[in-house]
Structure formats: C-alpha cells, structure tokens
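J.: Just need the structure, nothing else, for what follows:
(one chain, ligands or ions: 1)
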Amino acid sequence: MSKLPDDFLWGGATADFQYEGGFGEGGRGIATHDYETNGSVEHPRHHTMKMPDGTLIEPNSSFILADPVPPEAEPVFLPDAYYPSHKAVDFYHHYKEDIKLMAEMGFNVFRFSIAWSRIYPTGLEDEPNEAGLQFYDDVINEMAKYGMEPLITICHDEMPMELALKYDGWKSRETIDAYVKYCRTLFERFGDRCRYWLTFNEINAVRGFGPCGVRNSDGPDRYQADHHMFVASAKAVILGHQLMPNSKFGAMYAMSEIYPATSKPEDVFHCMQERRENWYFIDTMGRGYYPSFAQEVLSHHGVKEIKMAAEDEQTLLDGQLDFISFSYYRSNTVKAGDPWFNVGGDSNPYLKQTPWGWGIDPLGLRYCMNEIYDRIQKPIFIVENGLGAVDQPDENGYVDDDYRIAYLREHLQAMKDAILIDKVPCLGYTMWAPIDLVSLSTGEMKKRYGFVYVDMDDLGHGTLKRVPKKSFGWMKKVIESNGEDLS
Ligand code: BG6
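T.: Numbers count the residues shown, from 1 in each chain. A predicted model of the protein is given here:
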C-alpha cells in the first residue's frame, strides 16, 4: 500500500461538557462535570463539595478533583465561581455553523460525545428525554447533509450526578444497568445512521468523582469501578451488534507513550510494569479477558480481589471490541521507584514541550500504533491528537498558527509511516479539537487546539464568534489529498 485507503476517515473530536453547553436547556439533567470550576496548572479545577455543617472541602493537589470525597459531602454551586461546562463554547446553539465549517475542511467523520444527562437527566428514569434525543438527531442529520458520519462517544468522563450520589457511580453494579438502558436508547434511535461507537473515553485514565462518580478513586474502589465499566462496555457491544449488525465498537485509551528514563535495567523493568497499568485495560477489553498480570497490577494498588458476577467472564469474551482507539498527545518517562499510575510521568530531555509541559513526540505515535496492533491484532482508530497552545488572534480574530501545523504535520507523517511502512491497519484520524473548546484538565479556554478560533476567554466572556485559523486551510488541503500533501 503506497497511499492511505480511499475510505480513510478524516475528522475532528469533541466532548459534550467541553464543547456543547446548553446547561439546563432541553431538559438536560445535572452531570458530574457541571460542578467543576475553571482552573489552571497552578490551581487545578475542582468540584466544590459541602459537608452537612456547611464546611467547604478545599481541593487537594490531585488531578482535577478533590479526592477522596467524604460520603456525607454534597456538591454545591458557589455564586462567585465560574463553571465552564454550562456554556462551554455553545455548540448547542452553533451546531449548524460548526458542522458547516468542518464540512468545508472536508471532514467525513465527526467524533462527539452524547451527554448522558441530556438523554436520562438523572440516569434513573424509565423513559428517555425526547428533547435530548431530538438535539442529537438534529446534529446527526445536519452532518448527513455533508456526508459526514458520526463516531459517537457514549460516555466521555462523566455521568448524571444522581448516579454518582445514589450509587457512588461505577462503584456499583446498578450503574451498569443504567448505562445499558441508555445505550439501548441510543442504538434504537441513532443506529440507522451511526456505524462507529466508543463505549468510554480514556477508560484507563479516568478515576474519581467527576469522571466515574466514585468518591475514593484510589485502591479497591477504582478497580471495582473499572470492572463494572468493562462489563458495561461488553454488554453495550453485545447489544449494539444485535441491534445494528454493521456497527463497530471501540473504547478509547489515553496512550501517552511511556519510556524508561534510562537504560538502567531497574528503570526499564519499572517502565514495563507501568505500561501494564495501561495494558490491563486494553488487553481485557480488546481480547475479552483479564491478562495474566492483572493480579500483579491490582497488588500495586493494594487491591486483593475484584468482585465479579458468575456471568462476567463470558460477557467480557462476547463483548470484546472491534477496533482499538486512543488519544495521543505526548510521551513521558518513568524510573524505578516512581509511584504507580504515574499519569504525567517525568519530562523527556530529548523532547520539546508544549506550554503545558507535554513532551512533543511524533515518533511515539508510530510506536503506539505498532505496539497496540502487534498485541491486539485489531484495527486502530486515532481519535484524539492535537496541540494545546496559546493563540494570538489579530484584530479580525485570525490566528497564524504555524506551530499547530508543524505539530500536526509531524504526527500525520508518523501515522502514515505506521500505516504505509509498518502496515498497521488504521480506520481514521480525528484531531482534537477542530473548534476551540474548554480544556479538560485545567478548565481554561486559553489552551486552544482548534482549526477555528472561538472568541471566548477563560471566564466565558466573548462573542463566541468562529474564525478559521491558518491551520484550517492547511488541514483542508491535507484531507483533499487524502494525506498525500502535508506541505
Ligand atoms: C483527552 C480527553 O484527555 O485529552 C479530552 O479525552 C481532553 O477530553 C484532551 O480535552 C486534551 O486535554 P486538555 O486537558 O488539554 O483539554
């Protein structure tokens, strides 16, 4: 093969709570991310929680959230805080304009997530919310006008708040039933127009109250929650295949490549073990059974065993994924003695970094694609890749973002090398995120990824006007040439 396949999928990816807004509109319920403030690298965004005596719980240094959250604490909105998910960049009211811009670039796929709380406001209703279903119907039909197919993330790091409060989210098996009910509704309503589905976003990295509704994200609760998500994903795949015979399912993994900090055998061995923290997820869902080293991973986190129902083993086997998708932004290094599940890892002296300290490593993308395919032998789908940077618009809102073009050019070349030289089957590439949106990790707006500038600042001020950046025209040319022309 000397060219990318003719049916290669080119597009962009977003997540509802970072992009959609429309808080409280169309009957949408409250989701876990709705309580997250904006933040910055120095001051992480967090949920504000209140104890029965009125004491507010201060965020600690953990990623995004105060954790653990005491069982008696309730989420609370503070009058003077800013909650970015409520408006995000208002795709809810701009979807026609945004989809038109994506179509102008030549997208034939658009990955977006459905807000669970828009379909089942608390997660507990027997009947879905028609206005929520209608919104996504409108979005999908608008895309169809341009021949753009959906790649739907069923659950992107969040859930209706009520499920978190009532069941401690994914810690309980009840949440599996709520999720499968939600999936059935989506498949019955959108299945005639959607082939590609992702059961969960970054399932290997999510933890804690915001993404999983689990109050204590370390140790046994986290791994029990993961098991329930594995079973829920498998049940969704089984049901999806029954209801939509042409459907294809993936789940999405955060694949920051991990290298040993040195060639010292102890560092290399630790790196192998740290990587197993990811393989634990990919192997189980991609092959349909827990890997042989699962207990070793659990032991690192003080977990003696996972509670499983008798039928779970068969469900995992029957509900294995059709393809493996992942996000790739950066690589990290680890060394012996580092804590397990070292999300950020250490920086790599051989790499340049983004302003947010993420090591830029295009070759790591080729490495990831090869490694996953060698191991799982199922097609790859790159569903997030991009550069978060501070853009400086001119007086018309135009951004000359050569740095973004350079980042994407090198990563797309690495992807092409994996496909054309190493022969890794890859279904497509959806860049994060085609239109500027709110950052997941910091809640900032100034960490921009888009081909299209959105006039809004970190506190939600601005006109929301959309203006294509220089990279918009560049990506259009890349797609027109099916990836041949990266100049
Ligand atoms: C992935 C998530 O982790 O990375 C996205 O799936 C997120 O939701 C993206 O936005 C980039 O991260 P950040 O923190 O720069 O927004």
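
J.: For the ligand, what's the nearest residue on this structure?
T.: Ser441 (3.1 Å; Cβ to the nearest ligand atom). Where C-beta positions appear, they are placed from N, C-alpha and C, glycine not excepted.

J.: Now do the SS call for Val231.
T.: helix (DSSP: H, G, I helix; E, B strand; the rest coil).

J.: wait, what's in contact with it?
T.: 176, 309, 312, 315-316 (Cβ atoms under 8 Å, 6 or more residues apart in numbering).

J.: which bits of the stretch 151-300 of the chain sit near the ligand?
T.: Taking Cβ under 6 Å from any ligand atom, the part of the stretch 151-300 of the chain that reaches the ligand is made up of 201-202, 254.

J.: Tell me how many other residues surround the residue of the chain closest to the ligand.
T.: Neighbours of Ser441 under the rule other Cβ atoms under 10 Å: 17.

J.: ok so, going back, need the residues of the stretch 151-300 of the chain next to the ligand in JSON lines (columns: neighbour count and secondary structure).
T.: What follows is those, written out as JSON lines (neighbours: other Cβ atoms under 10 Å; DSSP: H, G, I helix; E, B strand; the rest coil):
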{"residue": "Asn201", "neighbour count": "27", "secondary structure": "coil"}
{"residue": "Glu202", "neighbour count": "20", "secondary structure": "coil"}
{"residue": "Ala254", "neighbour count": "18", "secondary structure": "strand"}
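
J.: Would you format those as JSON lines with pLDDT included?
T.: Compiled in JSON lines, those are given as follows (pLDDT from 0 to 100):
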{"residue": "Asn201", "pLDDT": "97"}
{"residue": "Glu202", "pLDDT": "94"}
{"residue": "Ala254", "pLDDT": "94"}
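
J.: From those residues, pick the one nearest Phe91.
T.: The closest of those to Phe91 turns out to be Asn201 (Cβ to Cβ; 16.8 Å).

J.: my read: that closest one touches Ser113, true?
T.: Yes: if you go by Cβ atoms under 8 Å, Asn201 and Ser113 touch, sitting 6.9 Å apart.

J.: Give me the common contacts of the two.
T.: Common neighbours of Asn201 and Ser113 (criterion: Cβ under 8 Å, 6+ apart): 15, 153, 155-156.

J.: May I ask which two of the residues you listed are separated the most?
T.: Every pair of the shared contacts of Asn201 and Ser113 checked by Cβ to Cβ; the farthest is Ala15 and Cys155, at 10.2 Å.

J.: And stretch 322-338, end to end?
T.: Terminal residues of stretch 322-338 are spaced 34 Å apart (Cα to Cα, to the nearest Å).

J.: likewise stretch 336-354?
T.: Start-to-end, stretch 336-354 (Cα to Cα) is 26 Å.

J.: does Ile382 sit in a helix, a strand or a coil?
T.: Assignment for Ile382 (three-state DSSP): strand.

J.: Identify the residues contacting it.
T.: Here Ile382 is in contact with 325-326, 328, 365, 369, 415, 426, 428-430 (Cβ under 8 Å, 6+ apart).

J.: Tell me the buried residues within these.
T.: Buried members of the contacts of Ile382, scored by 16 or more other Cβ atoms under 10 Å, are 325-326, 328, 365, 369, 415, 426, 428-430.

J.: Filter the residues you listed down to the ones in strands?
T.: 325-326, 426, 428-430 (DSSP state E).

J.: Looking at those, which two lie furthest apart in space?
T.: So, those by Cβ to Cβ: farthest apart are Phe326 and Gly428, at 12.5 Å.

J.: What residues does the residue nearest the centre of the chain make contact with?
T.: Among the residues of the chain, the one closest to the centroid is Asn201, at 3.9 Å (Cα atoms, centre = their mean). Applying Cβ under 8 Å, 6+ apart, we find Asn201 in contact with 15, 113, 153, 155-157, 252.

J.: next helix or strand past the helix-or-strand element of the chain with minimal mean pLDDT?
T.: Lowest mean confidence among the helices and strands of the chain (mean pLDDT, DSSP states H and E): strand 56-57, at a mean of 80. Once strand 56-57 ends, the next helix or strand along the chain (criterion: DSSP states H and E) is strand 74-75.

J.: Turn the ones in strands among the buried ones among the contacts of Ile382 into JSON lines, including pLDDT.
T.: Shown next, in JSON lines, are these (pLDDT from 0 to 100):
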{"residue": "Ser325", "pLDDT": "98"}
{"residue": "Phe326", "pLDDT": "97"}
{"residue": "Cys426", "pLDDT": "98"}
{"residue": "Gly428", "pLDDT": "98"}
{"residue": "Tyr429", "pLDDT": "98"}
{"residue": "Thr430", "pLDDT": "98"}
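
J.: Can you add distance to Gly302 and give these back as a markdown table?
T.: Listed next are those as a markdown table, based on distance: Cβ to Cβ, whole Å:
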| residue | distance to Gly302 |
| --- | --- |
| Ser325 | 31 |
| Phe326 | 28 |
| Cys426 | 38 |
| Gly428 | 40 |
| Tyr429 | 39 |
| Thr430 | 37 |
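
J.: Now render the buried ones among the contacts of Ile382 as a markdown table, adding distance to His241.
T.: Putting these into a markdown table (distance: Cβ to Cβ, whole Å) gives the following:
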| residue | distance to His241 |
| --- | --- |
| Ser325 | 17 |
| Phe326 | 22 |
| Tyr328 | 27 |
| Leu365 | 30 |
| Met369 | 25 |
| Met415 | 28 |
| Cys426 | 22 |
| Gly428 | 20 |
| Tyr429 | 25 |
| Thr430 | 23 |
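
J.: Any chance of these in TSV with distance to the ligand as columns?
T.: Formatted as TSV, those follow (distance: Cβ to the nearest ligand atom, whole Å):
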residue	distance to the ligand
Ser325	11
Phe326	10
Tyr328	10
Leu365	14
Met369	18
Met415	17
Cys426	19
Gly428	16
Tyr429	15
Thr430	11
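
J.: how distant is stretch 136-155 from the center of its chain?
T.: Computed by Cα atoms, centre = their mean, to the nearest Å, the chain-centroid distance of stretch 136-155 equals 18 Å.

J.: Any buried residues in it, and which?
T.: In stretch 136-155, counting by 16+ other Cβ under 10 Å, buried: 136, 139-140, 142-143, 148-155.

J.: what residues does the stretch 351-487 of the chain put near the ligand?
T.: 384, 388, 432, 439-441, 447.

J.: Of all those, the one with the weakest confidence?
T.: Note: of those, the lowest pLDDT belongs to Ser441, at 85.

J.: picking that back up, can you say which two of the residues of the stretch 351-487 of the chain next to the ligand are spatially most distant?
T.: Glu384 and Lys447 (14.2 Å).

J.: just to revisit the earlier point, give me the distance between the residue nearest to the centre of the chain and Leu440.
T.: 10 Å (Cβ to Cβ, to the nearest Å).

J.: Among the shared contacts of Asn201 and Ser113, which ones are in strands?
T.: Per DSSP E, the shared contacts of Asn201 and Ser113 map to strands at Thr153.

J.: Switch the shared contacts of Asn201 and Ser113 over to a markdown table, and while doing so, append distance to Gly21 to every line.
T.: Putting the shared contacts of Asn201 and Ser113 into a markdown table (distance: Cβ to Cβ, whole Å) gives the following:
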| residue | distance to Gly21 |
| --- | --- |
| Ala15 | 12 |
| Thr153 | 17 |
| Cys155 | 19 |
| His156 | 15 |
